[in-house]
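**Q** I would like the atomic coordinates for the input below:
(one chain, ligands or ions: 1)
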Amino acid sequence: MKRISLLTVASGIIVLAACTAEKPVEKKSLLLQHEDEITELISQMTLEEKVNMLHGKNMFSSAGVERLGIADMQYADGPFGIREEMEPHSWNSLGLTTDSATFYPTGSALAATWSEDLAYRYGVGMAKEARLRGKDMILGPAINIQRLPTGGRTYEYLSEDPLLSAALSVKYTLGAQDNGAAVCLKHYALNNQEDARGSVNVKVSQRAMREIYLPPFEAAVKEGDAYGVMAAYNKVEGDWCSENDMLLNRILRDEWGFRGIVISDWGGVHSTVKALQNGLNVEMPGSRYFGQALLDSVKSGAVSDSIIDIRVREILRVRLTVKPVPEAEANQVMTSQPEQQQIAYDIAKRSIVLLKNENKLLPIQAEKVKSIAVIGDNAVRTQALGGVGAGVKALYEVTPLAGITKQFEGSGITIKWAQGYAEYSKRDRESRVSPYTNADPKLMDEAVSLAKESDLVIFVGGNNREVETEGRDRNAITLPMGQDELLKALSAVNPNIVTVIVSGAPVDLRVVQETSPAILMSWFNGSEGGTALADVLSGEISPSGKLPFTLPIRLEDSPAYSLNVYPQEMPQRQGDIFTNLVNRRNAAQLGGPDAEYAEDIFVGYRWFDTKEVPVLYPFGHGLSYSYFNYLNLEVDMDDDNLVAEVKLRNTGKYDGEEVVQLYVRRPDSKIERPLQELKGFQRIHLQAGETGSVKIQVPMKHLRHWDEAAWDWQLEPGTVEIIVGSSSKDGRIQMETEI
Ligand code: GLC
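**A** Numbers count the residues shown, from 1 in each chain. Model prediction:
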């Protein structure tokens with residue numbers, strides 16, 4: 001193997017030398033440590049006992065074999081906190097008093113930290129609370145690519161970029177599984193929209209699937225050794241994910257070496273024989289397809305005993321690797337504990353993105369500001385629960401107003417609150433009232449009066465968990481409840497506006513941009529979200545988050561909208577699979593729309609950069625109260641890795657953290673490619689005036705593209721431009737090399 005050492009780059013010209021390196025050894029799954037014991041167990045099991053393991057027992061459990069001392073598998077929603085205990089066969093809470101959990105910043109907030117260390121700790125925290133609740137498998141992380149700014153679960157997912165999503169998925173997986181809980185990567189695969197999620201058929205090129213949508217799953221399986229995968233509701237190229245041989249057998253098991261279990265999404269099974277043959281282990285919940293129907297199928301010979309034994313083996317691998325929590329030990333202490341609350345706080349502090357800070361309005365200078373108007377329903381709204389699906393019965397949640405009030409108490413600053421705009425409520429959502437309404441005149445007047453008499457306005461806007469929800473996409477990115485109209489009225493009486501956006505997905509910030517000298521993205525940011533926000537506003541910490549997705553100027557500029565392939569015409573009113581049992585069957589029989597992924601690999605910034613479509617704030621953007629000077633770039637390369645060493649200095653007067661990003665361009669490529677792609681990143685803490693270095697390792701295999709003709713990955717020789725900087729549009733230092 002030739003190792004090519006590149007000397008320090010001077011004017012972009014490089015000198016090469018040669019030496020050798022070893023091939024990495026394939027990682028063996030921890031799940032393979034019990035094969036003989038499993039063989040023995042299977043030999044003792046009856047057919048009924050085997051089949052009984054392959055479907056739901058309760059709403060969130062599947063059976064073991066009590067006779068043989070094999071415990072049931074206990075599942076718990078994630079992915080941003082361990083869900084409260086439900087009644088065995090319903091969606092109703094069991095009403096325990098010890099199952100209040102830590103509400104972690106949701107996926108897009110975790111991704112905004114660009115921190116693998118924090119993703120690992122996220123998994124640790126989730127596992128510790130899962131175990132306290134007696135759970136074996138966390139139904140998370142949720143790692144689908146954010147293809148649509150309006151996607152209902154964009155807040156739950158991580159990023160529009162596959163590398164950032166993959167890196168964090170691996171660490172979340174390792175953190176959880178190192179601490180005794182299995183993950184269940186979801187939703188495999190291409191669950192990128194909520195509208196008609198139970199029937200939509202995704203039509204996507206193999207290259208886009210391999211380069212964009214599968215990498216987070218592939219990495220978490222190959223590098224994270226994930227024990228579980230959840231098959232998505234949708235179809236991919238005509239086959240339901242829960243019975244998709246290409247996805248479940250050929251790619252997941254044969255190519256990636258997955259040795260764990262595939263469970264269905266809840267109600268996402270559509271056959272018995274095909275689903276079992278094509279790779280599904282457990283039907284959840286219930287037993288419509290994998291109960292008596294499966295038993296009959298085996299007895300009739302339609303399903304072989306050997307495939308049953310394979311599916312059972314895969315379950316027993318997880319069962320014998322994840323030690324069950326004795327029932328008597330579950331739910332004995334409060335789920336949320338200080339150690340986990342600290343993890344949520346550390347993540348929230350590094351997730352907040354400073355988009356803009358004109359006239360250094362931030363951090364708030366107590367000597368200059370004597371009165372603050374905190375305006376917005378989101379200032380007092382908690383985000384742990386809401387909408388359809390997973391949420392967290394949080395032990396507590398510090399709201400923005402509570403955090404700000406606590407931070408500034410005793411400072412001599414008076415803080416007053418006005419709602420400003422009405423809450424978009426559960427009732428509104430369920431009665432399908434649009435969140436895009438005019439401002440409430442009374443609320444607006446109250447807010448304007450308060451703004452007029454205050455030195456500073458902190459406007460807390462954005463969405464809430466009824467606006468962004470599983471089961472339905474938004475049909476706009478407009479700020480709801482007349483916030484734009486309110487902001488214009490506020491800025492007419494007070495120019496000193498800090499706008500804080502509480503949302504998990506992109507929103508239209510054009511009016512915010514015009515009216516607010518300072519803008520922060522503060523996410524659905526967990527139990528300590530309000531504390532973290534106050535830390536940033538006060539300058540206790542310098543903001544260091546970076547956007548995990550593009551903020552477009554207009555929704556219509558984003559790829560699927562621009563190509564008019566989303567939203568799709570619905571064949572008939574498709575209630576969500578969840579809220580309408582009948583719909584579940586309708587979806588199967590009537591079929592849903594095709595989702596044409598016409599933008600192909602040009603998702604997110606790949607689209608905007610390549611098509612030269614201007615954006616409001618680019619992928620990777622995030623300011624600090626400090627400034628980081630990029631001083632030097634050195635690159636060392638062998639056949640397996642390219643390693644970039646970047647030296648930078650914090651030239652500001654605040655200690656801060658920078659996320660150094662590495663993008664690659666292929667200017668002389670013979671194939672169609674995005675203008676640039678993220679290939680590495682590293683966060684670094686630097687005190688004011690301090691100089692430091694980061695090393696970013698880019699495996700050469702990450703420079704490959706999927707060649708459809710060869711049906712394999714290919715490394716195209718040619719020029720490689722390496723751009724290192726502070727965002728996808730803020731390259732600070734670059735060099736060229738050849739492969
Ligand atoms: C839902 C979601 C999935 C969740 C499951 C159990 O439909 O799609 O993410 O884990 O049901 O609540």
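**Q** show me the strands in the stretch 1-150 of the chain, by range?
**A** Counting by DSSP state E, counting those that start in this stretch, the stretch 1-150 of the chain has these strands, from start to end: 3-4, 56-58, 61-62, 73-77, 137-139.
**Q** among those strands, which is nearest the ligand?
**A** The closest of the strands of the stretch 1-150 of the chain to the ligand is strand 137-139. By CB to the nearest ligand atom, the value is 3.8 Å. Yep, even glycine has a C-beta here, placed from its N, CA and C like the rest.
**Q** and the pLDDT for the residue lying farthest from the centre of the chain?
**A** The centre of the chain is farthest from one residue, residue 300, which by CA atoms, centre = their mean lies 43.6 Å away. On the pLDDT scale, residue 300 is placed at 97.
**Q** how near is it to residue 284?
**A** According to CB to CB, to the nearest Å, residue 300 and residue 284 sit 25 Å apart.
**Q** what about residue 359, neighbour count?
**A** By other CB atoms under 10 Å, the residues close to residue 359 number 9.
**Q** an error on my part: the question was meant for residue 689.
**A** For residue 689, the count of nearby residues is 12 (other CB under 10 Å).
**Q** tell me who's in contact with the closest residue to it other than its chain neighbours.
**A** Among residues not flanking residue 689 along the chain, residue 650 sits closest, at 6.4 Å (CB to CB, 6 or more residues apart in numbering). Listed by CB atoms under 8 Å, 6 or more residues apart in numbering, the contact partners of residue 650 are 626, 627, 628, 656, 658, 686, 687, 688, 689, 690, 691.
**Q** change it to 10 Å
**A** By CB atoms under 10 Å, 6 or more residues apart in numbering, residue 650 lies in contact with 542, 624, 626-629, 656-658, 684-692.
**Q** same check, this time on residue 732
**A** 628-631, 633, 646, 648, 660-661, 723-726.
**Q** surely it is within a helix?
**A** No. If the criterion is DSSP: H, G, I helix; E, B strand; the rest coil, then residue 732 is strand and not within a helix.
**Q** what score does it have for pLDDT?
**A** In this model, residue 732 is scored at 98, pLDDT.
**Q** against residue 609, how distant is it?
**A** Distance, residue 732 to residue 609, by CB to CB: 17 Å.
**Q** same question for residue 526.
**A** Per CB to CB, residue 526 is found 31 Å from residue 609.
**Q** more neighbours: those two, which one.
**A** Comparing residue 526 with residue 609 by neighbour count (other CB under 10 Å), the higher total belongs to residue 526, at 31 against 22.
**Q** assign that one to helix, strand or coil.
**A** Secondary structure, three-state DSSP: residue 526 is coil.
**Q** now do residue 681
**A** Using three-state DSSP, the structure places residue 681 in strand.
**Q** got the contact list for it?
**A** Contacts of residue 681 (CB under 10 Å, 6+ apart): 114-116, 161, 163-164, 167, 546, 620, 659-663, 694, 696, 724.
**Q** disregarding flanking residues, what is the spatial nearest neighbour of it?
**A** Nearest non-adjacent residue to residue 681, counting by CB to CB, 6+ apart: residue 661, 4.9 Å away.
**Q** distance from the helix or strand that that neighbour is a member of to the middle of the chain?
**A** Assessed by DSSP states H and E, residue 661 sits inside strand 656-665. Chain-centre distance of strand 656-665: 20 Å, with CA atoms, centre = their mean, to the nearest Å.
**Q** got the CA coordinates for that strand in CSV?
**A** Taking C-alpha atoms only, strand 656-665 is exported to CSV below (Å, rounded to 0.1, in the frame of the first residue of the first chain):
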residue,chain,number,x,y,z
GLY,A,656,-15.2,29.9,22.1
GLU,A,657,-15.6,26.8,20.1
GLU,A,658,-15.3,26.5,16.3
VAL,A,659,-16.5,23.6,14.1
VAL,A,660,-13.8,23.3,11.4
GLN,A,661,-15.4,21.9,8.2
LEU,A,662,-13.7,20.2,5.3
TYR,A,663,-15.4,20.2,1.9
VAL,A,664,-14.2,18.4,-1.2
ARG,A,665,-14.6,19.5,-4.8
